[in-house]
Every structure is written in C-alpha cells, then in structure tokens.
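# sequence unavailable; structure follows:
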Ligand SMILES: [Fe+2]
Ligand SMILES: [Fe+2]
C-alpha cells in the first residue's frame, strides 16, 4: 500500500484584515510572519498543498498530514487547508490528519474545537474502544492481504503557556491506548504507521531540545520496535528518514511540505506487514 506523507503546510490567513481580533498571542506571532519572513515563505502554500493532494490521488495513495495545517489556528486558515486538500479530506479512507502546535495556538481555538470542526470527521476510529483522550488514539484499518496496514493518529499538540514554547506530549493515556492497539489481534499482520506532530528524534538522531521536542518520545518509540512500524511526524522543518532498528520504528520527518524553497513530501510503501521504505518527492508546480 502507498501513502503520501506531508506536514507543516501552514496555510496562512490575512492578518491585516482585523488585527484587533487576533489576540495577544498572534500579535507576537505577527513578528514572525512579517519581520521573520514567514508570511512570504508560505504564500503559495494552498497551491502547493493542492498539488500534493492531487499527486496522492493520482497515485491511489492514502494522504497523511502530520499537523501544523495552519499558521496560527485562525478559522480561515482551517477552512483554507480543508479546501486545498480537496475531495480526499472528505473521506477517512483516503486521508488522515492530526493537529500540530500551530493548530492549537490559542486557548480559544481549542475551546471552540476549531480543528474538530473542520477535520473531526477524519478522527473517527475503526476501533473506538481504544480511544483514551477524546478521539485519540484513533486507528484506520486499510487494505487487505499483502497490502494490509493500519494508520494510528496521536495528538501531541498542547496549548503553549506562552508563544515560543512548542514542546509536545502524547501523554500516558494515549500511550496506553496505543499499547492496546498494537496488541489488538485485529492489527496482527498489518504494517503500522503512527502519525504524530512532534519529532521523536532530530535529523542528527538526538532528542529535540526541551522547549521544542516531544517530551515522551522514548516511551512512544519503545512501543513500536522494528520495521513493522513507522512514526510519521513534522514540526522540525527538515525532511529526513531514519530506518528502523530491532528496537525502534522507521521515522519519517516530512519537514515543511509547502515552505518556499524546501517543498516536498514522502511516498511511503508498505508490503507484507512491513514498512518497506520511502521516497522523497517534490510537488508538481501548479
Ligand atoms: Fe511547523
Ligand atoms: Fe509544529
């Protein structure tokens, strides 16, 4: 079975339209957008994301987005992401998304369930008895025979105390749900792709630093030993693959798939209950 994995697409709204409605957290973020050049870097993001979704469709691949669909969790950014993903985003058999820290950027966006409003239909689980924290972890059982695979979605994104702190945590409840899923006989013989926003390891195979990393990365990796498993993540805007070992899963970091100059995504193959590898692609220019 084939999967297209992209991440950190950061669809960015119009921040000059109603600045008084942005809230203080986004005022801090505005500096990043303007002085930091972030706005410019993601100007073509909707077009690039639509091209990636189109490529997934024409390859017959299941499309996975590992969080940071938005810049700062504005309503118009969520609707823009949904629109750019096209028809696939209407169908849980064709598309999986999890939230990133930018999608939970303000307490208000979480309180009003903005991510769920646009993508809640994609969080339905085929085995809901294993959900432990809201919809998470959810699982989707896809393909059959040689192609049988399972995609599991975790939420590591938490509202930061202050902008700039962007570490994540899966938490004990979701880890217990994940352990139960991995042990469930209905997953036997399936390759298992676990989608989470924060990176368990950096490109240099180290733990990411305390203010940016995944706090319980080691506990997560320990549940997923060997090439049957892969963790698909984003958050670090670099694209890399660390192959599985006997004690650790494959790790695919999709980087920022729509950031000008470093656009790209993974095509990941599973076969015979294993993750057999991945290939980097550059999205076609729309
Ligand atoms: Fe990001
Ligand atoms: Fe992130």
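Yep, it's here. Model, not experiment: these values are computed from the prediction. Ligands and ions are numbered 1, 2, ... in the order given.
# what comes up buried for the helix or strand of the chain with the lowest mean pLDDT?
One helix or strand of the chain scores below all others by mean pLDDT, DSSP states H and E: helix 24-34, with a mean of 73. With burial defined by 16 or more other CB atoms under 10 Å, the residues of helix 24-34 counted as buried are 25, 26, 29, 30, 32, 33. Using the backbone N, CA and C atoms, a C-beta is placed for each residue, glycine as well.
# swap in stretch 1-20?
1-13, 15.
# now swap in stretch 80-93 and tell me
Those would be 80, 81, 82, 84, 85, 86, 88, 89, 92, for stretch 80-93 by 16+ other CB under 10 Å.
# please name the residues that touch the residue lying closest to the last one once chain neighbours are set aside.
Taking CB to CB, 6 or more residues apart in numbering, and ignoring the residues beside it in sequence, residue 92 has residue 122 as its nearest neighbour in space, at 5.2 Å. By CB atoms under 8 Å, 6 or more residues apart in numbering, residue 122 lies in contact with 89, 92, 95, 96, 97.
# now render these as CSV, adding distance to residue 192 and secondary structure.
Formatted as CSV, these follow (distance: CB to CB, whole Å; DSSP: H, G, I helix; E, B strand; the rest coil):
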residue, distance to residue 192, secondary structure
89, 23, helix
92, 17, coil
95, 18, strand
96, 13, strand
97, 18, strand
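# circling back to that earlier point, can the least confident helix or strand of the chain be found next to ligand 2?
No - on the criterion CB under 5 Å from the ion, helix 24-34 is out of touch with ligand 2, staying 12.5 Å away.
# show me what that helix is in contact with.
Contacts for helix 24-34 (CB under 8 Å, 6+ apart): 12, 15, 19, 22, 38-39, 71-72, 74, 105-106, 162-164.
# quick check: what element follows it along the chain?
Using DSSP states H and E, the helix or strand that follows helix 24-34 in sequence is helix 38-41.
# other residues contacting that next one?
10, 12, 15, 32, 33, 71, 259, 260, 261.
# which two from those residues end up farthest apart in space?
15 and 261 (21.8 Å; CB to CB).
# any chance of the contacts of helix 24-34 in CSV, plus pLDDT?
Shown next, in CSV, are the contacts of helix 24-34 (pLDDT from 0 to 100):
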residue, pLDDT
12, 93
15, 77
19, 64
22, 71
38, 81
39, 82
71, 94
72, 90
74, 92
105, 89
106, 87
162, 74
163, 69
164, 72
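# show me the subset of those that also lies near ligand 2.
Of the contacts of helix 24-34, not one also sits near ligand 2 (CB under 5 Å from the ion).
# most neighbours out of those residues, which is it?
In terms of neighbour count, residue 105 stands highest of the contacts of helix 24-34 at 27 neighbours, by other CB atoms under 10 Å.
# gap between the residue most central in space within the chain and ligand 1?
In the chain, the residue lying closest to the centroid (CA atoms, centre = their mean) is residue 66, at 0.8 Å. The spacing between residue 66 and ligand 1, counted by CB to the ion, to the nearest Å, is 10 Å.
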